[in-house]
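**Student:** Give me a 3D structure for the following:
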Amino acid sequence: MSLLVADPFVGRHCESTTLVNLLRQRDIDLSESLVFGIAGGLSFIYWRTKQMPTPFLGGRIKPDALTGNLATALKLRLSVHETSSAKRAREQLLADLDEGTVVGLKLDRYFLDYSTDDFRFAAHYVACVGRDDERFALVETQPLGLQWATDESLATARNSRGPMSSRNRAFTLGRPKGDLPDLAAAARNGIRMSADNLLDPPISNFGVKGMHKVAALMTEWLDDLESPAENLPEIATIMQDAGTGGGLFRTMWAEFLNETAGLTGVGEFRELSAAYQQVSEKWTEVAALVHEAGKSSQQQCLESAAKIVHEAADEEERLMRRLRDLAA
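**Tutor:** Residues are numbered from 1 along each chain as shown. Just a heads-up that it's a prediction; the model follows:
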């Protein structure tokens, strides 16, 4: 067995965990929360189509954008490879690994031989940190950590199709030509990006508007969803446990703001960090109520959850307006 990284970083969210591992190989040691924040990772999306049995509630920007934003912010050399050929994708991966380069991969973990997932999600990320004759070493989030996937299952997972999928996407990061940009300035820019996403969304399903929209709709879920006993716990899991770091990514954002206070020397960022931690706890409470509604079919659970979502939306709007001003 050959590993490029003896002790890989195991984080909470898949794309940011992958980025931390790619950065560390280039001797750039940033926390996962700082990576998430500098990339302007915080957002909100509510999405549902007629083909979707379960509505989707997301707390971050769209897949791949975290990587692109981070590379732009830190002037990193981002190299992205996509191909419809599984053979060429494998050859490129082997070439990068043989050169000693850690590679980020986008895939559907459902197809990996070690996976126990019972759902499809084609926008999952791992860092590939080594291989042996028939297997590849992949860094997952907590609690999985370092896993070994067979060549065949990895090829299937990378070449899967579905919402948010890519064509065997792989990417690497290189150091900037000069010094890293000022991290305090990068953090301020990340705050402005997330504030703009939440306060000025392109459509009413996104941002603060999307929060109020889902609060108005969720009280109908027991009657509206085909299988509330299955759908509601799935929604709750996506909000709290499926790589969000807790509280729909708001815990990671609060940690980022605390780090920003240290980088900038502006103490108010620490106060806003504490306030966002309270917002995170509201989203955690919402997830618990939605889960309970699925198990007990109690309408009051959804009524209570909707009330808290409205409160969280109002608070996030207030906090983000202050953050945008402070980061200007």
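
**Student:** Next one: V290 from S304, what distance?
**Tutor:** 10 Å (CB to CB, to the nearest Å). (Each C-beta comes from the backbone N, C-alpha and C, glycine too.)

**Student:** tell me the contacts of E234?
**Tutor:** Counting by CB atoms under 8 Å, 6 or more residues apart in numbering, E234 touches T54, F119.

**Student:** let me fix that: V5
**Tutor:** Contacts of V5 by CB under 8 Å, 6+ apart are N21, R24, Q25, V102, V129, G130, V139.

**Student:** Pipe those into a markdown table and attach pLDDT, distance to R321 and neighbour count per row.
**Tutor:** Shown next, in a markdown table, are the contacts of V5 (pLDDT from 0 to 100; distance: CB to CB, whole Å; neighbours: other CB atoms under 10 Å):
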| residue | pLDDT | distance to R321 | neighbour count |
| --- | --- | --- | --- |
| N21 | 98 | 35 | 24 |
| R24 | 96 | 35 | 17 |
| Q25 | 95 | 38 | 19 |
| V102 | 97 | 39 | 23 |
| V129 | 97 | 41 | 23 |
| G130 | 96 | 46 | 20 |
| V139 | 97 | 37 | 26 |
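
**Student:** nearest residue to L173 other than its sequence neighbours?
**Tutor:** L22 (4.4 Å; CB to CB, 6 or more residues apart in numbering).

**Student:** Closest to D64 out of the contacts of V5?
**Tutor:** N21 (16.8 Å; CB to CB).

**Student:** How is S79 assigned, secondary-structure-wise?
**Tutor:** Of the three states, S79 takes strand under DSSP: H, G, I helix; E, B strand; the rest coil.

**Student:** Next up, the contacts around the residue lying closest to it once chain neighbours are set aside.
**Tutor:** Of all residues not flanking S79 in the chain, T172 sits nearest, at 4.9 Å (CB to CB, 6+ apart). For T172, the contact set (CB under 8 Å, 6+ apart) comprises L22, L78, S79, D96, T101, V102, V103, G104.

**Student:** three-state assignment of the fifth one?
**Tutor:** Going by three-state DSSP, the secondary structure assigned to T101 is coil.

**Student:** helix or strand for the residue nearest to it when sequence neighbours are not counted, which one?
**Tutor:** Using CB to CB, 6+ apart and skipping residues adjacent in sequence, the residue nearest T101 is T172, 5.4 Å away. In this structure, T172 sits in strand 170-174 according to DSSP states H and E.

**Student:** Note down every partner strand of that strand and its orientation.
**Tutor:** Counting by DSSP bridges, the strands paired with strand 170-174 are strand 77-81 (antiparallel), strand 103-107 (antiparallel).

**Student:** Among these, show me which one is buried the most.
**Tutor:** Ranked by mean neighbour count, the strands paired with strand 170-174 are led by strand 103-107 with a mean of 26 (mean count of other CB atoms under 10 Å).

**Student:** Give me the buried positions along the host helix or strand of A95.
**Tutor:** Assigned by DSSP H and E, A95 belongs to helix 86-98. Neighbour-count burial for helix 86-98, counted by 16 or more other CB atoms under 10 Å, picks out A89, R90, Q92, L93, D96, L97.

**Student:** Let me know the secondary structure of G58.
**Tutor:** strand.

**Student:** measure it to I45 for me?
**Tutor:** 4 Å.

**Student:** what's the neighbour count on the closest residue to A89 other than its chain neighbours?
**Tutor:** Spatial nearest neighbour of A89, excluding adjacent residues (CB to CB, 6+ apart): N168 at 3.6 Å. Applying other CB atoms under 10 Å, we find 25 residues neighbouring N168.

**Student:** Which strand or helix spans N168?
**Tutor:** Going by DSSP H and E, N168 is not part of any helix or strand.
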